[in-house]
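Asks: Predicted structure and sequence below. I'll ask about it afterward.
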Amino acid sequence: MTLKKLGAALVGAVVPLVAVLLWQLAASLEWINPHILPSPWAVFKKWYEYATPLLPYDPAQGSYTKWLFSGELMVDSVSSLYRVLVGFGIGAGLALPLGLMMGASNKVNAIFNPLVQILRPIPPIAYIPLSILWFGLGNPPAIFLIAIGAFFPVLMNTIAGVRQVDSIYIRAARNLGVDQLTMFTKVMLPAATPYILSGARIGMGTAFIVVIVSEMIAVNNGLGFRILEAREYFWSDKIIAGMFSIGLIGLAIDTLMSRLNNHLLRWHRGLEN
Amino acid sequence: MSQISVQNVQKVFKTPGDDVIALRDINLEISAGQFVCLLGPSGCGKSTLLNAVAGFSLPTAGKILVNNQPVIEPGPDRGMVFQEYALFPWMTVAQNIAFGLKVKKVSPTEIEAKVASLLEKLKLKEFRNRYPKDLSGGMRQRVAIARVLALDSPIMLMDEPFGALDALTRRSLQDELLKIWQEFGKTILFVTHSIEESIYLADRIVVLTYRPGTIKQDVMVTMSRPRDASSAEFNALKRELSLMVMEEQQRHEAVEMAGLTTD
């Protein structure tokens, strides 16, 4: 089993390794201008530099963990993640109850649906000018944009999730004598979870796109800010190092979301393994 | 005094074309502890009648009394077992059985005791923490029965509960249901289109006609239990009921052929 896994990992590693080797070869043979595309080794060195703390460890300055996270990459990653989590929390936190109500009640849907339909096609990026006018620079406009980005996918999927709840569950619950509130929290909500979670995953993806864009515009730290800053100094190695960092964090977030998904939906038919 | 009293019940479904009379002039008195089967071909309105008693879909005319109270909505005094099991897939076996009790705000210790005894009785002990997706059809239906038994409802309504099961599982669940019925003294209203099943189980078989659904025949079954499906008495009744049901089935098919319905 482990041997099989190892084999699969080796097969998967072939293409990236070949790509990196070709890239290094092209750089070593000076086929390409290192300012345009630096060698992978240069990118790796820069990445290490970017990730490690600037000053040597000094116990007088605080704990070891604090020192470990004082590197520029760590500070940037933590600020970006903070914005994603807060923005996503606000966006999804507002979308979930609204979506549950819109899905369950035609009346509530009739009231909110027109506005939702008008606002939904506006890409979150288009809110940038307004967000800066309203909130100035710094975290608030970035979090606002991320919240908008996360809001609509979660809302739309929650509505769809509640709508598709099999009526047999509702009938069974009514037969057991449940009241409206219990019907909502113990029957409709769990029955809609598969949809809600896939909405959350899309919303998280959008939040991650929006955080990078908003950092390029509204704040002066974070991964998005850093790669734009590096461009000004023509540090292409740092741009690429930053891009890979963004990719790895995105992968980590998606993996965590998928784990959460599998845990919350362990009862679900589609997830047998 | 009868426990379930169906009086002049009529049910009309409005469709864009014309109205379908699903039930007409149904009168039925069922006394406490009786095991009654509603028998007939599909489209005869037997499930419609069951849903009316359950309170899911009220009659358009006439009334239904349960313990002298008119039925206006579904309730835990009439526990229902559905053909599609209708277990909550996000709850474990034990949680499914406990759910109705939690809704009733029964104390946790009492719930635990009751769930444990039902798990034992329905041979589900090893499955208490499994989710429905991991259970076979027969097991799921055991859980659904346990969920209704937990409610202590005097009446059990069963809508072709064993229709989706294989013959052997079906037979063993029928035996188990009879045991439960005798032990708990429930009144059971059981919908089926299997003639054999109705004879094997019921005290009384109500045969319905195909559209509009009316009562064609009300047959008392007096054979002692356990009933032997190969006995002469069993087969004589089976022949008699087959004739009646097939007559309705042929009307059903004739109507279908004529293209008057897509049912």
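Replies: Now that the structure is in, tell me what you want to look at.
Asks: which parts of the stretch 151-263 of chain B sit against chain A?
Replies: Contacts of the stretch 151-263 of chain B with chain A, taken as Cβ under 8 Å from any Cβ of the partner chain, map to B:Leu151. Heads up, the C-betas are built off the backbone N, CA and C, glycines and all.
Asks: For the stretch 151-263 of chain B, which residue gets nearest to chain A?
Replies: Nearest to chain A in the stretch 151-263 of chain B, going by Cβ to the nearest Cβ, is B:Leu151, at a distance of 6.9 Å.
Asks: Pretty sure that residue sits against A:Leu176.
Replies: Yes. If you go by Cβ atoms under 8 Å, B:Leu151 and A:Leu176 touch, sitting 6.9 Å apart.
Asks: intersection of neighbour lists for these two?
Replies: Common contacts of B:Leu151 and A:Leu176 (Cβ atoms under 8 Å, 6 or more residues apart in numbering or on different chains): B:76, B:79, B:100.
Asks: Helices - which of those residues land there?
Replies: In helices, judged by DSSP state H, the following of the shared contacts of B:Leu151 and A:Leu176 are found: B:Gly100.
Asks: I'd like the next helix or strand past the helix or strand hosting A:Gly203.
Replies: Using DSSP states H and E, A:Gly203 sits within helix A:189-217. As assigned by DSSP H and E, the chain's next helix or strand after helix A:189-217 is helix A:223-232.
Asks: send the alpha carbons of that next one over as CSV?
Replies: The C-alpha trace of helix A:223-232 is given here as CSV (Å, rounded to 0.1, in the frame of the first residue of the first chain):
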residue,chain,number,x,y,z
LEU,A,223,1.5,38.5,-0.5
GLY,A,224,-0.3,40.5,-3.2
PHE,A,225,1.4,43.7,-2.1
ARG,A,226,4.8,42.0,-2.0
ILE,A,227,4.9,40.7,-5.5
LEU,A,228,3.8,44.0,-6.9
GLU,A,229,6.4,45.8,-4.8
ALA,A,230,9.0,43.3,-6.1
ARG,A,231,8.1,44.3,-9.7
GLU,A,232,9.0,47.9,-9.0
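Asks: now the helix or strand just after it and helix A:189-217, what's the angle there?
Replies: Counting by DSSP H and E, the element after helix A:223-232 in chain order, helix or strand, is helix A:236-264. Compare the direction of helix A:236-264 with that of helix A:189-217 by axes from the mean of the first three to the mean of the last three Cα atoms, to 10 degrees and you get 170 degrees.
Asks: For stretch A:159-175, give the mean pLDDT please.
Replies: What stretch A:159-175 shows for mean pLDDT is 94.
Asks: re earlier: elements contacting the helix holding A:Gly203?
Replies: helix A:72-104, helix A:128-135, helix A:139-163, helix A:223-232, helix A:236-264 (3 or more Cβ pairs under 8 Å, 6 or more residues apart in numbering or on different chains; DSSP states H and E).
Asks: Among the ones you listed, show me which one is buried the most.
Replies: Across these, averaging neighbours per residue (mean count of other Cβ atoms under 10 Å in any protein chain shown) puts helix A:139-163 on top, at a mean of 24.
Asks: Pull the distance from it to the chain's centre.
Replies: Remark: helix A:139-163 is offset 12 Å from the chain centroid, using Cα atoms, centre = their mean, to the nearest Å.
Asks: which helices and strands does that helix pack with?
Replies: Using 3+ Cβ pairs under 8 Å, 6+ apart, the elements in contact with helix A:139-163 are helix A:72-104, helix A:106-119, helix A:128-135, helix A:189-217.
Asks: Run the angle between that helix and helix A:106-119 for me.
Replies: If you take the same axes, to 10 degrees, helix A:139-163 sits at 130 degrees to helix A:106-119.
Asks: List the buried residues in whatever helix or strand comes next after helix A:139-163.
Replies: Helices and strands here follow DSSP H and E; after helix A:139-163, the next one along the chain is helix A:167-175. Buried residues in helix A:167-175, counting neighbours by 16 or more other Cβ atoms under 10 Å in any protein chain shown, are found at A:169-175.
Asks: Now tell me what touches helix A:167-175 from outside.
Replies: Contacts to helix A:167-175, defined as Cβ under 8 Å, 6+ apart, come from residues A:182-183, A:186-188, A:191, B:54, B:56, B:73-76, B:78-80, B:82, B:84, B:86-88.
Asks: and what of stretch B:108-115?
Replies: With Cβ under 8 Å, 6+ apart as the test, stretch B:108-115 has contacts from B:94, B:97-98, B:101-102, B:106, B:128, B:150.
Asks: how much space is there between the residue nearest to B:Lys102 when sequence neighbours are not counted and B:Thr92?
Replies: Leaving out its chain neighbours, the residue that sits closest to B:Lys102 by Cβ to Cβ, 6 or more residues apart in numbering or on different chains is B:Ile111, at 6.7 Å. B:Ile111 sits 14 Å away from B:Thr92, going by Cβ to Cβ, to the nearest Å.
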